[in-house]
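Asks: how would this look folded up:
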Amino acid sequence: SFRQNMINTSRTRVLDFVLRNFGSIASLCKWGMNAGVYLTISGLFASRFLIACGMIVMGCASLLNMTTLHKQDIRIRLHLVKPVAIAVSLLVLGVVTSFLGSEQLGFAMVRLRLYVAFLLIPLILAFAPPIDRNHIRNYLLYALSSAAISSIFIQLNYFQHYETISKELSTGKPIPTPIPHIRYGMFLSFTFLGGLFAFLSKTYPVRWQVFVLLTTLYLGFSILFLSVRTAWLVSFLGLLIILAYFIMQKRRITLISIVIIAAIGGSILAYLFIPSVKIKAGYTLYDWRKFREDKGSEYSDSERLYSLQNGWSLWKENKWLGVGSGDLHRQLEQNAIKNHYPGSQIPHNQWLMTLVCGGLLSLAFTLLFWYQLWRNPIHRKLFLFHLLVILYLVTFFFEPTFETSIGVLSFVFILIMILLQSYQGEQKSRLQLVSGRGSG
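Replies: Take a look at the predicted model:
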């Protein structure tokens, strides 16, 4: 009967799906890798827990995939990621050296646990299941969709509670977001820049190019609307770098000119007609005046500036080894009392945070990490790698980006997505070369 045929067809489709995705270790690894990527992207706009889950799944899929590889293949992969593994080891070593002189280890162990997540970089780059160009394009489409949907709900909530949120904005509080507003704004900016780069590169067929363009334009509006200054800075700087790249490499001067005019015009209109933008700009100037008058103890921007003063003062007394990560909070509090600083927040600057915790020794290991990443020939030929590094390093001057799990995992994830195809292509080339020599 027709009904029975439908049931049999459904069963066949389910069975085909199960066998295709779970019928072998290799297929299970591919499914796990994709699931991990989509979980992580969802988490970037909704939940820190999902980010952690997604990265764990990606790491497990890579470890499991290693069991399907031949010994020769494993050796090639390990040799290829050796420079990255050395770089990550230097960064972790910089945290370990910050233990020196610590009487307590509580916060020091917290920092070490955060930085251990960097070990996922060489693991996934070496042993991740194959990811092709279509996978990457689908990931970006999903990221654009997730960013746009979450932005819509944030804006609906804003207009639903307009008076309350506007009042809070005028006192320095952010528009409510699913995850901490600075991180959310950064991820919105990275997705906006990814969409712009994909559109200018003509990455998708025409029908999808339209979707990418419209979604990217909406995200640009959302970044202005959200009024997170870190997101403004990342978006503006990234936009300039991308436009400069396309002017030099692709000579698309007419299209670039339209983008520049749209960006400038959109920013002016946003200040004139979007209340949240005008409120945030006004609050920033007001807070700065209060700081200059030494009356900023109750204002968010001033608290950040005081944290820099406190951290700088503390580091100057402990230049070589810092105060030790474990004793950081106690030392900051004591130094704030001694120098009459209001509050004892950790320094809102990743470079200064590194200096205070581990001194010049820890900073040296950190700088070696970045140098080792940059000097890698695979990395240096990728424009998006340079863009990512520049943008994250800039955020270091305004935020202790790597002192939160979401800051670390987001960098690890985006870096892996940028590098993975290049590493897998190099792995394949080297394996074919070795196999050719063996057969010859």
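Asks: now do the helices in the stretch 301-440 of the chain.
Replies: 328-339, 350-375, 377-380, 383-395, 405-439 (DSSP state H, counting those that start in this stretch).
Asks: dump these to a markdown table, plus mean pLDDT and mean neighbour count.
Replies: Where you see a C-beta, it was placed from the backbone N, CA and C, and this is true even at glycine. Shown next, in a markdown table, are those (pLDDT from 0 to 100; neighbours: other C-beta atoms under 10 Å):
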| stretch | mean pLDDT | mean neighbour count |
| --- | --- | --- |
| helix 328-339 | 93 | 17 |
| helix 350-375 | 96 | 21 |
| helix 377-380 | 95 | 14 |
| helix 383-395 | 96 | 18 |
| helix 405-439 | 90 | 17 |
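Asks: reformat those helices as JSON lines; add distance to A147.
Replies: Putting these into JSON lines (distance: least, C-beta to C-beta, whole Å) gives the following:
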{"stretch": "helix 328-339", "distance to A147": "34"}
{"stretch": "helix 350-375", "distance to A147": "24"}
{"stretch": "helix 377-380", "distance to A147": "26"}
{"stretch": "helix 383-395", "distance to A147": "16"}
{"stretch": "helix 405-439", "distance to A147": "13"}
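Asks: who wins for proximity to I179 among these?
Replies: Closest approach to I179 among the helices of the stretch 301-440 of the chain (C-beta to C-beta): helix 405-439, 6.6 Å.
Asks: between the helices of the stretch 301-440 of the chain, which one is closest to N34.
Replies: Between N34 and these, the shortest separation by C-beta to C-beta is 12.4 Å, and it involves helix 405-439.
Asks: now the closest one against helix 350-375, angle please.
Replies: Interaxial angle, helix 405-439 versus helix 350-375 (axes from the mean of the first three to the mean of the last three C-alpha atoms, to 10 degrees): 10 degrees.
Asks: returning to that earlier point: closest to I149 out of the helices of the stretch 301-440 of the chain?
Replies: When the helices of the stretch 301-440 of the chain are compared by C-beta to C-beta, helix 405-439 sits nearest I149, at 18.7 Å.
Asks: so that closest one versus helix 383-395, what angle?
Replies: Using the same axes, to 10 degrees: helix 405-439 against helix 383-395 is 150 degrees.
Asks: quick one: which of the helices of the stretch 301-440 of the chain is nearest S201?
Replies: Taking C-beta to C-beta, helix 383-395 is the member of the helices of the stretch 301-440 of the chain nearest to S201, at 9.9 Å.
Asks: who touches the closest one?
Replies: 186, 189-190, 193, 197, 230, 233-234, 237-238, 241-242, 245, 350, 370, 373-374, 379-380, 401, 411, 414-415, 418-419 (C-beta atoms under 8 Å, 6 or more residues apart in numbering).
Asks: what about that helix, distance to the chain center?
Replies: 10 Å (C-alpha atoms, centre = their mean, to the nearest Å).
Asks: now do stretch 216-233
Replies: Using C-alpha atoms, centre = their mean, the offset of stretch 216-233 from its chain centre is 16 Å.
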